[in-house]
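1. Sequence plus predicted model, see below.
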Amino acid sequence: MHRSIRTALGLAAATAAVAVALPALSTPASASTASAATSSATSSHHDDWDYDGYWGSYWSSNHLAKAKGWVDANYDDEESNKVHVTGKLWDNDHRTYDEGGKCAYIKFRVQSWDDDEDDWSSSFKSYKYCGAGGYKAINFWRYDVAQVQAKVCQIGLYSSHPVKCGSWHDIYNAYDEDFGYED
């Protein structure tokens, strides 16, 4: 599902044309006020799509790894944005490795505007932290993004296969009006 605001932009353009034509019939003072309001409304419409907010706390299925943070999406145009994800990944597994202790792990998946909804990119961003009681900072940028999801797991110290994963969670989703992008 690809969202479009072309209808809204067409309506805004028609409104702007009427707003520019009508002041010509009235006083010069009202003409300049109406013209300024129209240009201001059309030039900053992309700011209405910007979103920032907290995400998480999300946990591994056994609650021994946790992550939470902040996401900030800033739009330049309808499908042109930059999304900044920050946060922390905590390792809460105090067992030794000999006792079966594991590291904290988080995996992010990103869907670009060029893909269909829920058609996830083959590239993922992940973080691993081994150190019970501590955390690792999360900090990355992606461009032209429609959705970002996160999943928290555990992973062995020398393993490349996560285990005890929680479910995928939306941290940004332009297809969901709760995140501020509406057509």
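-> All right, it came through fine. What you see is a predicted model, and the numbers here were worked out from it, not measured in a lab. Residues are numbered from 1 along each chain as shown.
2. This structure: helices as residue ranges?
-> 6-21, 28-43 (DSSP state H).
3. Please export the alpha-carbon coordinates of stretch 62-78; PDB is fine.
-> Below are the C-alpha coordinates for stretch 62-78, written out as PDB (Å, rounded to 0.1, in the frame of the first residue of the first chain):
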ATOM      1  CA  ASN A  62      12.900 -14.200  28.500                       C
ATOM      2  CA  HIS A  63      13.200 -10.600  29.600                       C
ATOM      3  CA  LEU A  64      17.000 -10.800  29.900                       C
ATOM      4  CA  ALA A  65      17.600  -8.200  27.100                       C
ATOM      5  CA  LYS A  66      15.900  -4.800  26.800                       C
ATOM      6  CA  ALA A  67      16.000  -1.800  24.500                       C
ATOM      7  CA  LYS A  68      14.300   1.600  24.300                       C
ATOM      8  CA  GLY A  69      15.000   4.900  22.700                       C
ATOM      9  CA  TRP A  70      13.900   7.800  20.500                       C
ATOM     10  CA  VAL A  71      13.000   8.000  16.800                       C
ATOM     11  CA  ASP A  72      13.000  11.300  14.800                       C
ATOM     12  CA  ALA A  73      11.600  11.400  11.200                       C
ATOM     13  CA  ASN A  74      12.100  14.700   9.200                       C
ATOM     14  CA  TYR A  75      10.600  15.100   5.800                       C
ATOM     15  CA  ASP A  76      12.000  17.100   2.900                       C
ATOM     16  CA  ASP A  77       9.200  16.100   0.500                       C
ATOM     17  CA  GLU A  78       6.400  13.600   0.200                       C
END
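4. Report the buried residues of it.
-> Neighbour-count burial for stretch 62-78 flags 64-69, 71, 73, 75, 78 (criterion: 16 or more other C-beta atoms under 10 Å). C-beta here means a position set from N, CA and C on the backbone, and glycine is covered the same way.
5. Just the mean pLDDT for that stretch, thanks.
-> The predicted model assigns stretch 62-78 a mean pLDDT of 95.
6. what does stretch 110-128 give?
-> For stretch 110-128, mean pLDDT rounds to 83.
7. again, but for stretch 155-164
-> The average pLDDT within stretch 155-164 is 96.
8. So which bits of it are buried?
-> Neighbour-count burial for stretch 155-164 [16+ other C-beta under 10 Å]: 155-156, 162, 164.
9. just to revisit the earlier point, okay, and which of the buried residues of stretch 62-78 map to strands?
-> In strands, judged by DSSP state E, the following of these are found: 65-69, 71, 73, 75.
10. Switch those residues over to a markdown table; also include distance to Tyr129.
-> Formatted as a markdown table, those follow (distance: C-beta to C-beta, whole Å):
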| residue | distance to Tyr129 |
| --- | --- |
| Ala65 | 8 |
| Lys66 | 11 |
| Ala67 | 10 |
| Lys68 | 14 |
| Gly69 | 14 |
| Val71 | 20 |
| Ala73 | 25 |
| Tyr75 | 32 |
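11. For Asn139, state which of those is nearest.
-> Gly69 (9.0 Å; C-beta to C-beta).
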